[in-house]
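Student: with the sequence up front, the predicted model follows.
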Amino acid sequence: MNRITTTAGLLALSAVGLHAQALAPAAGSAAAQKPWSVSATLRGFYDDNYVTRGSSLKQESFGIEVSPSASYNVFTDTSAFGADYTYGMRWYEDRVSDSVDHTHQANVRASHAFSPRFKADLSDSFVVAQEPQIIDPQILSTPLRSEGDNVRNTVNASATAGITEKLSSVLTYQN
């Protein structure tokens, strides 16, 4: 049964990929130069341990994930600005109470070149989620899922100064 499900899923994914590539705008066309983009993902999944507990306490479930997103980017000769937002909803078939997880991810970034040698960058990433991989993508230990709305906000700022043509100095702050 698992082989049939896997094969059907791969065939469907291949067909969608071919269809999307056929509809992709040509490079340099007006459609490819839009400052905004909108997308959505719909997928089914199976999680064999959605509570991330030991083998004697683990729980499994099928589910559905819906994830729409939007982004906007503006580029000028010396500056760039970008913003994007992704909403995620996961529904688990097995959960009795609170069977839906909601995720919000918002990112903003700006860059400005004062001259060919001096540049400043600023970015902010704000996340509200339950999944540990979304809260901290660089998890080095065993991820533990926690109930509730967990919040992460990361701000990065950097200034780059060119000392010579091939050597630069970068001052960075992250909070």
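Tutor: It's in. Numbering: from 1, shown residues only.
Student: got a pLDDT number for residue 90?
Tutor: We have a pLDDT of 87 for residue 90.
Student: now the helices: where do they sit in the protein?
Tutor: In the chain, the helices defined using DSSP state H lie at 2-23, 132-135.
Student: could you pull up the mean pLDDT of stretch 75-83?
Tutor: Stretch 75-83 comes out at a mean pLDDT of 94.
Student: what residues sit buried inside it?
Tutor: Using 16 or more other Cβ atoms under 10 Å as the burial criterion, the residues of stretch 75-83 that qualify are 81-83. To be clear about C-beta, it is placed using only N, CA and C from the backbone, and glycine gets the same treatment.
Student: can you tell me the distance between the two ends of it?
Tutor: With Cα to Cα, to the nearest Å applied, stretch 75-83 spans 12 Å between its terminal residues.
Student: and if you look at stretch 49-62?
Tutor: Stretch 49-62 end-to-end distance (Cα to Cα) = 11 Å.
Student: surely residue 158 touches residue 112?
Tutor: No. Using Cβ atoms under 8 Å, residue 158 makes no contact with residue 112, being 11.6 Å away.
Student: quick check: neighbours shared by the two?
Tutor: Common neighbours of residue 158 and residue 112, using Cβ atoms under 8 Å, 6 or more residues apart in numbering, are residue 120.
Student: which residues does residue 120 contact?
Tutor: Here residue 120 is in contact with 111-112, 114, 157-160 (Cβ under 8 Å, 6+ apart).
Student: now it: how far from residue 36?
Tutor: 24 Å (Cβ to Cβ, to the nearest Å).
Student: please, where are all the strands along the protein?
Tutor: For the chain, the strands defined by DSSP state E cover 36-47, 61-75, 79-92, 100-113, 118-129, 150-162, 168-174.
Student: what does the second one contact?
Tutor: Defining contact as Cβ under 8 Å, 6+ apart, one finds that strand 61-75 is touched by 35-47, 50, 80-95.
Student: which regions of this protein sit below the pLDDT cut-off?
Tutor: 1-32, 50-53, 95-98, 131-149 (pLDDT under 70).
Student: quick check: bridge partners of residue 85?
Tutor: Beta bridges link residue 85 to residue 70, residue 106 when assigned by DSSP bridges.
Student: does it touch residue 103 like I think?
Tutor: No. Between residue 85 and residue 103 there is no contact, the gap being 11.1 Å when judged by Cβ under 8 Å.
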